[in-house]
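Chemist: coordinates only, sequence not included:
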């Protein structure tokens with residue numbers, strides 16, 4: 001088991017040196033890829049054992065000022081450390097950075113910087129923005145957080161109807177946000193709802209005039225999953241409180257709780273005996289616990305945020321709702337209509353997929369649009385298939401209409417995507433490029449899904465032969481890529497390199513795992 005030391009800071013500006021560390025850090029081998037404003041660098045460096053990791057980071061950033069088209073002063077002042085982790089038995093230092101502009105975070109402009117001293121390897125991923133020129137008005141000329149929240153919630157309710165109760169506190173945070181090639185100072189207002197519609201709402205409200213610049217719903221939906229497992233005996237933890245048994249597990253993190261939402265309010269699920277008779281609740285509760293256990297045992301991760309976040313589920317959401325969703329706070333399960341789907345809480349991979357969206361939220365934070373959104377959905381599928389290891393079909397258990405599932409990771413094109421009425425793409429050249437589905441987040445997820453399948457199981461795809469390395473190594477590679485390398489705006493090309501770097505870290509540069517990753521992404525056309 002790795003030894004982890006974690007230091008968090010949200011307002012610690014890097015104390016940069018005036019110049020790079022002379023004679024102590026230099027690159028003798030470099031691989032650099034630039035994707036418009038995003039960058040991905042892998043370098044081998046000679047590092048003195050006496051140099052502290054933070055000094056290496058400081059020196060490295062300064063050395064890249066010309067490449068990123070930023071001055072030394074900007075490199076020194078415009079990056080903050082969001083997260084630091086030291087894995088002792090790997091001599092591995094992991095930093096997650098946030099780029100600032102005039103002290104305000106730039107939305108999506110996060111970076112990961114990693115130092116592995118035993119191999120002299122340094123990696124840098126992320127989006128660095130250099131073309132901002134925005135005048136920020138004084139605080140007296142800005143609207144308040146309270147006003148921004150009021151504007152955003154009014155927009156939400158204009159869209160979905162009255163929200164009687166939000167699932168958690170509605171928050172507002174300042175960002176610099178790019179929209180239609182212009183940058184704006186905004187409040188990002190986030191709100192989670194279950195009724196009258198499931199949503200994880202993101203509203204970008206102009207700080208200066210209250211205008212809604214942009215908005216989207218980042219609730220991560222799964223629209224179809226297999227035959228129910230109702231009738232199967234499930235064993236799970238509960239609590240005995242005031243003479244009743246309650247679906248409240250106090251043994252995992254800050255708890256696992258399942259509610260009945262049939263009347264659009266959270267109602268405790270209780271029983272006078274140890275026998276619970278609500279099949280959807282039994283499955284949702286037990287499957288949440290199984291997924292928690294998977295992350296804890298496989299990655300030493302304590303719940304979705306690695307800090308023990310309470311896992312909350314709601315069953316019987318909506319009227320025969322054919323869906324399940326993670327909204328940043330709750331896992332919500334519909335009962336299905338009995339024609340297309342059985343109750344969605346019955347699928348173990350449903351619970352694992354939804355909880356994995358929470359893990360993604362608290363690691364790379366992949367933005368739920370376009371390529372990064374497709375990676376977001378793909379990671380949820382990958383770990384859903386790793387928790388429910390029977391096959392590589394997503395949602396095979398609760399389909400009522402005879403379909404084999406929602407998505408096949410083994411053979412994506414064997415299933416038709418209902419929005420496009422075309423087979424799911426299994427190669428980059430077949431990717432969807434339209435505006436449906438937040439830019440194809442579910443549709444194009446199948447490309448990365450196929451790559452992950454090939455890394456594990458191997459096979460021939462579009463004339464490329466891949467020798468798989470098995471599920472155990474594959475899940476470690478993808479978890480490390482997600483938690484160490486990727487950032488909110490990561491692309492498929494960056495996904496490929498992140499998986500290669502993760503495989504090198506875990507199994508060595510000349511390992512079969514690295515070869516499997518390289519060949520798998522060759523097979524799906526991602527370079």
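Modeler: Okay, I see it. Quick caveat: nothing in here was measured; it's all calculated off a predicted structure.

Chemist: rest of the way, CA atoms for contacts and neighbours
Modeler: OK.

Chemist: residue 285 reaches residue 257, doesn't it?
Modeler: Yes. Counting by CA atoms under 8 Å, residue 285 touches residue 257, with 7.2 Å between them.

Chemist: more neighbours: which of these two?
Modeler: residue 285 (30 against 24; other CA atoms under 10 Å).

Chemist: relative to residue 120, how far out is that one?
Modeler: 45 Å (CA to CA, to the nearest Å).

Chemist: over to residue 362?
Modeler: Residue 362 is 28 Å from residue 120, by CA to CA.

Chemist: what is the neighbour count of residue 211?
Modeler: Neighbour tally, residue 211, other CA under 10 Å: 14.

Chemist: that older thread, quickly list what's touching both of residue 285 and residue 257.
Modeler: Common neighbours of residue 285 and residue 257 are listed as 247, 313 (criterion: CA atoms under 8 Å, 6 or more residues apart in numbering).

Chemist: gap between stretch 175-190 and the chain center?
Modeler: 21 Å (CA atoms, centre = their mean, to the nearest Å).

Chemist: so what's residue 446 up against?
Modeler: Taking CA under 8 Å, 6+ apart, one finds 378, 407, 408, 409, 412, 424, 425, 426 in contact with residue 446.

Chemist: what about the nearest residue to residue 133 once chain neighbours are set aside, distance to residue 310?
Modeler: On the basis of CA to CA, 6 or more residues apart in numbering, the spatially nearest residue to residue 133 that is not a chain neighbour turns out to be residue 183, at 7.9 Å. Residue 183 sits 36 Å away from residue 310, going by CA to CA.

Chemist: of those two, who's got more company?
Modeler: Neighbours around residue 183 and residue 310, counted as other CA under 10 Å, are more numerous at residue 310. The numbers are 19 against 16.

Chemist: mind checking the backbone torsions on the more buried one?
Modeler: Recorded main-chain torsions at residue 310 are phi -60, psi 130, according to degrees, to the nearest 10.

Chemist: surely it and residue 254 touch.
Modeler: Yes. Applying CA under 8 Å as the test, residue 310 and residue 254 come out as touching, 4.7 Å apart.

Chemist: tell me the SS of the residue nearest to residue 307 when sequence neighbours are not counted?
Modeler: Spatial nearest neighbour of residue 307, excluding adjacent residues (CA to CA, 6+ apart): residue 253 at 7.5 Å. Residue 253 falls in the coil class when you classify it by DSSP: H, G, I helix; E, B strand; the rest coil.

Chemist: list the contacts of residue 253.
Modeler: 302, 303, 307, 308, 309, 310 are the contacts of residue 253 under CA under 8 Å, 6+ apart.

Chemist: likewise residue 358?
Modeler: So residue 358 contacts 304, 305, 326, 328 (CA under 8 Å, 6+ apart).

Chemist: who does the top helix by length along the chain touch, helix- and strand-wise?
Modeler: The longest helix of the chain (DSSP state H) is helix 279-299. Judged by 3 or more CA pairs under 8 Å, 6 or more residues apart in numbering; DSSP states H and E, helix 279-299 is in contact with strand 256-260, strand 311-315, helix 348-361, helix 370-387.

Chemist: hang on, residue 415 packs against residue 409?
Modeler: No. The criterion here is CA under 8 Å, and residue 415 misses it with residue 409 at 10.2 Å.

Chemist: more crowded one of those two?
Modeler: residue 409 (27 against 18).

Chemist: which of the contacts of residue 253 tops the neighbour count?
Modeler: residue 303 (27 neighbours).

Chemist: pretty sure it is touching residue 294, no?
Modeler: No. Here residue 303 lies out of contact with residue 294, judged by CA under 8 Å, at a distance of 9.8 Å.

Chemist: tell me which element residue 465 falls in.
Modeler: strand 464-466 (DSSP states H and E).

Chemist: contacts for that strand?
Modeler: 454, 455, 458, 459, 460, 516, 519, 520, 522, 523.
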